[in-house]
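A.B. asks: Okay, here's the prediction I keep looking at, along with the sequence it came from:
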Amino acid sequence: MGNPKFAVRALDVLYNDENIDVKLVVSSPDKKRNRRKVTPTEIKKYAQDKGIDVQTPKTVNSPEFVEELKALEIDYIVVVAFGQLIGKDLLGAYEDRIINLHPSILPALRGASPMQFSLLNGDKLTAATTMLIEKGMDSGDILIQEEVPIEESDDYTSLEEKLSEIGAEKIRETILNFDEVYKNRQKQDDSEASFCTKITKDMGRINWNKNSSEIINKIRAFVEYPVAFFAYEGFNVKVYKAEIAQGYEGMPGFVYEANPKEKIVIGTKDGAIRIQKIQFPGKKAMDTKSFLMGNSFEEKITLDNE
């Protein structure tokens, strides 16, 4: 059960293992996505390409769907970035046999967007965790937890790729050694739990009154969605990549530089950042030097946060 590209690697690893038979793929119904075209999820596309049976129920918790699963005589259900809550009937039918991949060091960052929040927090370490699903939010017993370093160069795209690769192997390891892994499972300490929310578009707005590192972390976390942005001359400018600029005093929102040599340098609470990849409305995302070769950006003004 899964939807986005993060789940595809796990399905690919299971599908290509001769000891595992993928009987069914379950994904969300087709919907309008890019450019308003109705398209299937990444998982459904993969399943169709490989000839795997795929279903897209509005809910996996209907009695009819639970009976369909029982008829397949499956051993395990694997859940990766699926988005639907697993109800009590399904939990009861496959007690301790529904395995979830969660990309955080549980019990930290339970919830919908742990990779983004790891980057927002400036964490140096995360994990690919396989766990049992229960009625609570990501609160089930931990089966395998493989720690993964977060490099300063990582953004959401690169971190997702690393965790999907490692997580896929941990899912396979969990299934092929389930009895041993289950015997050594670890309960989570709920008192140590933290939670992350869903990502909204407005969370991408840059506040120049924050420290440089906080702004850089936001850019890293939101490089795919919603993409960090700031207001300039009445429209929103997206920022895909930036670095901390050395030697500038903290003047939040002040445009110190805007030229092909220095790129765009904007003040923050404790210094400044240098924007390396940018996108203006109606234009392609491009490196800032190339943008400034053919476009202007006003220097020595102070941007606001609206």
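C.D. replies: That came through, no problem. Numbering: from 1, shown residues only.

A.B. asks: Please go through this structure and pick out the longest strand.
C.D. replies: Using DSSP state E, we find that the single longest strand of the chain is strand 235-245.

A.B. asks: Each with direction, which strands does the helix or strand following it pair with?
C.D. replies: Next in sequence after strand 235-245, counting helices and strands by DSSP states H and E, comes strand 255-259. Here strand 255-259 is paired, per DSSP bridges, with strand 263-267 (antiparallel).

A.B. asks: Wait, residue 121 touches residue 217, no?
C.D. replies: Yes. Using Cβ atoms under 8 Å, residue 121 is in contact with residue 217, at 7.4 Å. For every residue, glycine as well, the C-beta is placed using N, CA and C.

A.B. asks: Name the residue in the two with the higher neighbour count.
C.D. replies: In terms of neighbours (other Cβ atoms under 10 Å), residue 217 is the more surrounded of residue 121 and residue 217; the figures are 21 against 17.

A.B. asks: My reading is that the more buried one lies in a strand. Confirm?
C.D. replies: No. Counting by DSSP: H, G, I helix; E, B strand; the rest coil, residue 217 falls outside a strand, being helix.

A.B. asks: My understanding was that it contacts residue 122; is that so?
C.D. replies: Yes. With contact defined as Cβ under 8 Å, residue 217 reaches residue 122; the gap is 5.2 Å.

A.B. asks: which residues touch residue 229?
C.D. replies: Residue 229 sits next to 204-206, 236-239 when contact means Cβ atoms under 8 Å, 6 or more residues apart in numbering.

A.B. asks: If you rank those residues by neighbours, which is first?
C.D. replies: Within those, most neighbours by other Cβ under 10 Å means residue 239, with 27 neighbours.

A.B. asks: Which residues are in contact with it?
C.D. replies: 206, 219, 227-230, 275, 277-279.

A.B. asks: And for it, nearest residue in space, chain neighbours not counted?
C.D. replies: Spatial nearest neighbour of residue 239, chain neighbours left out: residue 228 (4.8 Å); criterion: Cβ to Cβ, 6 or more residues apart in numbering.

A.B. asks: tell me the contacts of the one you found?
C.D. replies: Counted by Cβ under 8 Å, 6+ apart, residue 228 has contacts 204-206, 215, 218-219, 222, 238-239.

A.B. asks: let's see 7 Å
C.D. replies: By Cβ atoms under 7 Å, 6 or more residues apart in numbering, the contact list for residue 228 reads 204, 206, 218-219, 222, 239.

A.B. asks: Would you mind listing which of the contacts of residue 239 are buried?
C.D. replies: Buried members of those, counted by 16 or more other Cβ atoms under 10 Å: 206, 219, 227-230, 275, 277-279.
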